[in-house]
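Asks: heads up, no residue letters with this:
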């Protein structure tokens, strides 16, 4: 199982979108500052995730969520965060 996840930075209120096979480990890495892409944007909150059956599906979904349409979808989906 693969997961597409969305983190929201409390520092700049922007999203970080990625995919992984081990969601718990990856979120921990982001929160500890082990990921260069988000180390300067901590603290981070997990605000959304989806499960996918294959890595190919997860990559496709990640690319969509990073698009303008995907950002609009996320903002509507997680309005209260």
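Replies: Perfect, thanks for sending it. Please read these numbers as outputs of a predicted model, since none were measured by experiment.

Asks: which residues does residue 51 bridge with?
Replies: Taking DSSP bridges as the rule, residue 51 bridges to residue 3.

Asks: What count of nearby residues applies to it?
Replies: Neighbours of residue 51 under the rule other Cβ atoms under 10 Å: 11. C-beta coordinates here come from the backbone N, C-alpha and C atoms, glycine included.

Asks: per-residue confidence at it?
Replies: Listed pLDDT for residue 51 reads 97.

Asks: how about the helices in this structure?
Replies: Secondary structure of the chain (DSSP state H): helices located at 23-32, 55-65, 68-77.

Asks: out of the ones you listed, nearest to residue 47?
Replies: helix 68-77 (8.3 Å; Cβ to Cβ).

Asks: What mean pLDDT does the closest one get?
Replies: Mean predicted confidence for helix 68-77 is 93.

Asks: tell me which strands and helices it is in contact with?
Replies: Contact partners of helix 68-77 among helices and strands, from 3 or more Cβ pairs under 8 Å, 6 or more residues apart in numbering; DSSP states H and E: strand 15-20, helix 55-65.

Asks: Now mean pLDDT, distance to residue 34 and mean neighbour count too, for these, in CSV please.
Replies: Output for the helices and strands packed on helix 68-77, formatted as CSV (pLDDT from 0 to 100; distance: least, Cβ to Cβ, whole Å; neighbours: other Cβ atoms under 10 Å):
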stretch, mean pLDDT, distance to residue 34, mean neighbour count
strand 15-20, 95, 13, 19
helix 55-65, 97, 20, 16
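
Asks: Could you dump the ones you listed into a markdown table and include distance to residue 72?
Replies: Converted to a markdown table, these look like this (distance: least, Cβ to Cβ, whole Å):
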| stretch | distance to residue 72 |
| --- | --- |
| strand 15-20 | 12 |
| helix 55-65 | 10 |
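
Asks: of all those, which lies closest to residue 49?
Replies: Closest among the helices and strands packed on helix 68-77, using Cβ to Cβ: strand 15-20, at 9.5 Å.
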